[in-house]
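In: Next comes the sequence, and after it the predicted model I'd like to discuss.
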Amino acid sequence: MSKPCILDYSKAELTALVKPSFRSKQIWGWIYHQYATSFETMQNLPKAMREELAQNYEIMPLKIARKECSTDGTIKYLFELSDGKTIETVWLKMKDESIDEEGNVENEARYTVCVSTQVGCKVGCTFCLTAKGGFTRDLSAGEIVAQVLAVKSDNGLAAAKRLNIVYMGMGEPLDNLDNLAKAITIFKDEEGLSISGKRQTVSTSGLSSKIDKLGEMDLGVHIAISLHAVDDELRTELIPMNKAYNIASIIDAVKRFPIDTRKRVMFEYLVIKNKNDDLVSAKKLVKLLHGIKAKVNLIFFNPYEGSDYARPSRGDMVKFQEYLTSHGVLCTIRDSKGLDISAACGQLKEKDLNEAVS
Ligand code: SAH
Ligand code: SF4
């Protein structure tokens with residue numbers, strides 16, 4: 001049996017566990033600022049304490065099983081968990097660093113980590129590769145936290161460098177709400193990774209009752225709603241769970257969600273050729289979002305081997321975007337990163353390790 005993972009503990013829990021409290025602070029610093037993966041390296045702790053901790057706890061519950069680098073700077077990690085299951089995490093470089101004439105850094109590079117929250121997914125969306133493998137299990141808070149630590153460390157990013165987190169990897173984050181909320185809190189800790197709520201975006205296929213619960217937790221995170229359709233019939237075809245949580249219930253939950261007044265709720269709209277790429281849908285979308293401070297992100301359907309749908313033309317995407325923009329709805333087109341390494345939205349899945357490493 002594997003040992004309890006220290007990344008599962010919030011700072012308050014660690015402080016209750018390791019006495020005196022300055023020791024827990026030191027351990028916290030070693031993990032979140034030095035990326036320590038063994039207690040042995042924590043030289044300012046007494047030897048006996050290091051040995052006892054090592055006997056009873058593990059630090060890093062993930063191993064890099066495979067790493068693929070895209071030509072656009074995106075890196076896809078395949079992580080092996082303690083029980084041999086695998087998840088994928090994507091490291092995205094959003095902006096290159098620029099240097100001014102005197103050689104000073106003018107603009108810092110920006111990074112985003114796309115994090116998984118479950119092995120597989122229960123929701124079963126017909127367009128998503130993660131769904132094809134079914135659901136295996138929830139990730140623990142520590143396994144969610146570990147993904148960010150591992151990629152930050154692997155890319156040599158200094159602890160003080162901020163990054164953004166999007167919960168858009170494998171799984172439905174709100175179907176694992178307790179562990180998600182704990183991970184969010186650990187990420188936010190100012191003596192740890194210090195990633196504020198406004199740098200964290202939870203993407204959901206629309207479990208409206210859980211959107212309310214997340215809102216009540218008041219963690220200050222953003223939400224992104226994977227809407228994809230403007231009528232319930234098509235949405236249920238794409239996201240079977242829509243039968244239980246229909247569009248109206250999602251819109252109502254969004255209206256109740258506490259949103260930073262300077263921010264907008266993101267609506268993701270997966271555009272599929274000949275399904276939802278027409279201007280009648282665009283018109284309905286404008287109507288649906290009336291009264292919400294929304295931003296629509298249009299996503300090209302990313303095909304994978306055996307997928308049932310087709311990618312829309314860029315021309316149709318642009319027309320859709322122009323319709324929304326000209327009717328007062330802020331709208332962007334997401335240019336998927338990492339397509340050449342299947343790291344784009346909807347292309348992540350659990351892998352057989354033998355197949356993955358061969
Ligand atoms: N389960 C959550 C978060 C993970 S999916 C959710 O569904 O929101 C992250 C995003 O990728 C979602 O907006 C999802 O709809 C989108 N996606 C899934 N399959 C896709 C595909 N084949 N092409 C493009 N985007 C896809
Ligand atoms: Fe799950 Fe999101 Fe994929 Fe749907 S799109 S199956 S909710 S991961």
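Out: Yes, it's here. Being a predicted model, the structure only gives us computed values, none of them experimental. Ligands and ions are numbered 1, 2, ... in the order given.

In: and the gap between Phe22 and Ser249?
Out: 49 Å (C-beta to C-beta, to the nearest Å). From N, CA and C alone the C-beta is placed, and that goes for glycine too.

In: of those two, who's got more company?
Out: A count of neighbours by other C-beta atoms under 10 Å puts Ser249 above the other of Phe22 and Ser249, at 17 against 9.

In: where does the residue of the chain most remote from its centre land in three-state SS?
Out: Ranked by distance from the centre of the chain (C-alpha atoms, centre = their mean), the top residue is Ala48, with 38.2 Å. Classification of Ala48 using DSSP: H, G, I helix; E, B strand; the rest coil returns helix.

In: measure it to Arg23 for me?
Out: Distance of Ala48 to Arg23, computed by C-beta to C-beta: 12 Å.

In: Over to Leu7?
Out: According to C-beta to C-beta, Leu7 and Arg23 sit 17 Å apart.

In: same deal with Ala344?
Out: 44 Å.

In: more crowded one of those two?
Out: Ala344 (23 against 19).

In: Would you confirm that that one contacts Gly338?
Out: Yes. The pair Ala344 / Gly338 is scored as a contact, 5.4 Å apart, by C-beta atoms under 8 Å.

In: Leaving out sequence neighbours, find the closest residue to Ile6.
Out: Tyr57 (4.7 Å; C-beta to C-beta, 6 or more residues apart in numbering).

In: With Ser38 as the reference, measure out to that neighbour.
Out: Separation of Tyr57 from Ser38 (C-beta to C-beta): 11 Å.

In: Those two: which is more packed in?
Out: Neighbours were counted for Tyr57 and for Ser38 using other C-beta under 10 Å; Tyr57 has more, 18 against 13.

In: can you list the domains in the protein?
Out: Under automatic domain parsing, the residue ranges defining each domain of the chain are 6-56, 62-96+108-357.

In: Would you check that Arg162 makes contact with Ser194?
Out: Yes. Counting by C-beta under 8 Å, Ser194 is a contact partner of Arg162 at 7.2 Å.

In: Which positions in the stretch 1-150 of the chain make contact with ligand 2?
Out: Applying C-beta under 6 Å from any ligand atom, we find that the stretch 1-150 of the chain lies next to ligand 2 at 121, 123-125, 128, 130-131.
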